[in-house]
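Enquirer: predicted model follows, preceded by the sequence.
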Amino acid sequence: MKKLQNDFTTPEQSKRLLELGVPEWTANWKLSKLVKDSHGQKPKDKHDWVVNRKDYTHMIVGFMKYDYLPCWSVGRLMEICLKCSTLEQRQVRFFCNGDNDEYSLIDYVITALESGVMTNHMDFSKLED
């Protein structure tokens, strides 16, 4: 079985959601990446983004520095779609016929959210209720 890794947004997806106007505070996780080690140097080996609990903070020792990005789970994005939709009938539909093993649920939900924004059927101010 292939690794199932479509539970959280990638850095690119997170940046796209921010561009679409999804409030950063709605993210239920965060991505972090080491950019400077304890000696103030850029890491020599490749450091990928890591998903952390939103309330988790790294202990900073010396000059260690991390970049952070908000990160949304599939479930949180579905909640946002349902709550912010201005359509009379609010629903998030997903159909899987088993023909495409590469299909990403998170991509599907982001596409639905993006479509709602582009057609003016998404109102993020509803999140503040």
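Expert: Cool, the structure landed.

Enquirer: and the worst-scoring helix or strand of the chain on mean pLDDT, what's buried?
Expert: Using mean pLDDT, DSSP states H and E, strand 50-53 stands out as the lowest-scoring helix or strand of the chain, at a mean of 74. Buried positions in strand 50-53, judged by neighbour count with 16 or more other CB atoms under 10 Å: Val51, Asn52. Where you see a C-beta, it was placed from the backbone N, CA and C, and this is true even at glycine.

Enquirer: name every strand pairing with that strand and say which way it goes.
Expert: Looking at strand 50-53 with DSSP bridges, its partner strands are strand 29-36 (antiparallel).

Enquirer: so for the partner strand, what's the average pLDDT?
Expert: Strand 29-36 carries an average pLDDT of 82.

Enquirer: Thr26 and Ile80 touch, don't they?
Expert: Yes - if you go by CB atoms under 8 Å, Thr26 and Ile80 touch, sitting 6.1 Å apart.

Enquirer: what are the ranges of the helices in this structure?
Expert: With helices called from DSSP state H, the chain shows them at 11-20, 74-84, 105-118.

Enquirer: contacting residues around the first one?
Expert: Helix 11-20 is contacted from outside by 9, 24, 27, 31, 49, 69-72, 77, 106-107, 110, 113-114, 117, using CB atoms under 8 Å, 6 or more residues apart in numbering.

Enquirer: report pLDDT for the closest residue to Trp29 other than its chain neighbours.
Expert: Sequence neighbours aside, Cys71 is the residue nearest to Trp29 in space, at 3.9 Å (criterion: CB to CB, 6 or more residues apart in numbering). If you check Cys71, the pLDDT there is 93.

Enquirer: so what's Cys71 up against?
Expert: With CB under 8 Å, 6+ apart, Cys71 has these contacts: Phe8, Thr9, Ser14, Ala27, Asn28, Trp29, Lys30, Leu31, Val51.

Enquirer: now do the contacts for the last one.
Expert: Contacts for Val51 were tallied using CB under 8 Å, 6+ apart; they are Phe8, Trp29, Lys30, Leu31, Cys71.
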